[in-house]
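S.K.: Provided below are the primary sequence and the corresponding predicted coordinates.
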Amino acid sequence: MMINYAKKGPDSMEETFSNVGEVFKFVQLMAFLEILHVIFGYTKGGLMACFIQVLGRFIVLFGCINSEPRMQTKPVVFYLFFIWSLVELIRYPYYMFRVYNIEVSFLTWLRYTIWIALYPLGFLCEGVVYLRTIPYAEETGVFTIALPNAWNFAFHFPTAIRTLLLCFFFPGMYTTMIHMQRQRKKKLGPSYLRQKGE
């Protein structure tokens, strides 16, 4: 993705999903294992924060970007994938070292600091994807179930996206940011500094 950007510049942004979309979809499906890792105690962290992050990314990637070819060529997809990649390039090595009880101070600091810039940018990009998807979903009727049908059930995907944005997006962002701030304070607070000073 970045090599393509270095070669072609901003024109490469339209090709982001066609170049790396399949890899991102596979990795995002594997991210559901993170929920199990928290449940079984392989990683420490809050189940709800993990669930919100994985589900949010799943809805953005599969519900909004993958289901609408016109969304796949938008520059926001490049920025979103770039931000997700940066977060994971720091997070996964940190977890790998923690499994072996190896403390890499710089990596720990980076893990609990880089989110301050990247998480709001990621949420902004996800919000743009949601907003840009609404008119496309209205037009195509993707994931919409209209009445009458055998189940006597209706579902309007654009309304679900609007509801997600109005009721869950900002609370989810707030929950995630507060969780990360608490984790940062716990991990890099005064006890961490005293321990590193010895």
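M.R.: Yep, it's here. Residues are numbered from 1 along each chain as shown.

S.K.: Sticking with the residue nearest the centre of the chain, tell me its helix or strand.
M.R.: Most central in the chain under CA atoms, centre = their mean is residue 57, positioned 4.2 Å from the mean C-alpha point. If you go by DSSP states H and E, residue 57 is part of helix 47-58.

S.K.: so what does that helix touch, helix or strand wise?
M.R.: Counting contacts by 3 or more CB pairs under 8 Å, 6 or more residues apart in numbering; DSSP states H and E, helix 47-58 packs against helix 16-30, helix 32-40, helix 170-188. The way it works is simple: take the backbone N, C-alpha and C, and place the C-beta from them, glycine included.

S.K.: Could you provide these in TSV, with additional columns for mean pLDDT and mean neighbour count?
M.R.: Putting the helices and strands packed on helix 47-58 into TSV (pLDDT from 0 to 100; neighbours: other CB atoms under 10 Å) gives the following:
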stretch	mean pLDDT	mean neighbour count
helix 16-30	96	15
helix 32-40	92	13
helix 170-188	88	15
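
S.K.: For those helices, give me a markdown table that also has distance to residue 134.
M.R.: Output for those, formatted as a markdown table (distance: least, CB to CB, whole Å):
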| stretch | distance to residue 134 |
| --- | --- |
| helix 16-30 | 19 |
| helix 32-40 | 26 |
| helix 170-188 | 17 |
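
S.K.: Mind checking the ones you listed for the one nearest to residue 127?
M.R.: Residue 127 lies closest, by CB to CB, to one member of those: helix 170-188, at 8.7 Å.

S.K.: ok now that closest one, how far from the chain's centre?
M.R.: From the chain centre to the centre of helix 170-188 is a distance of 15 Å (CA atoms, centre = their mean, to the nearest Å).

S.K.: from now on call the first residue 340
M.R.: Shifting the count to begin at 340 puts that one at helix 509-527.

S.K.: Need the contact partners of it.
M.R.: 384-385, 387-388, 391-392, 395, 447-448, 451-452, 454, 458-459, 462 (CB atoms under 8 Å, 6 or more residues apart in numbering).

S.K.: Can I get the buried part of those residues as one PyMOL selection?
M.R.: In PyMOL syntax, the buried subset of those is picked out as below (16 or more other CB atoms under 10 Å):
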select buried, resi 388+391+392+395+447+451+454+458+462
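
S.K.: between the contacts of helix 509-527, which is closest to residue 499?
M.R.: Looking across the contacts of helix 509-527 and measuring by CB to CB, the closest to residue 499 is residue 395, at 13.5 Å.

S.K.: That closest one: what's it in contact with?
M.R.: Residues near residue 395 by CB under 8 Å, 6+ apart: 465, 511.
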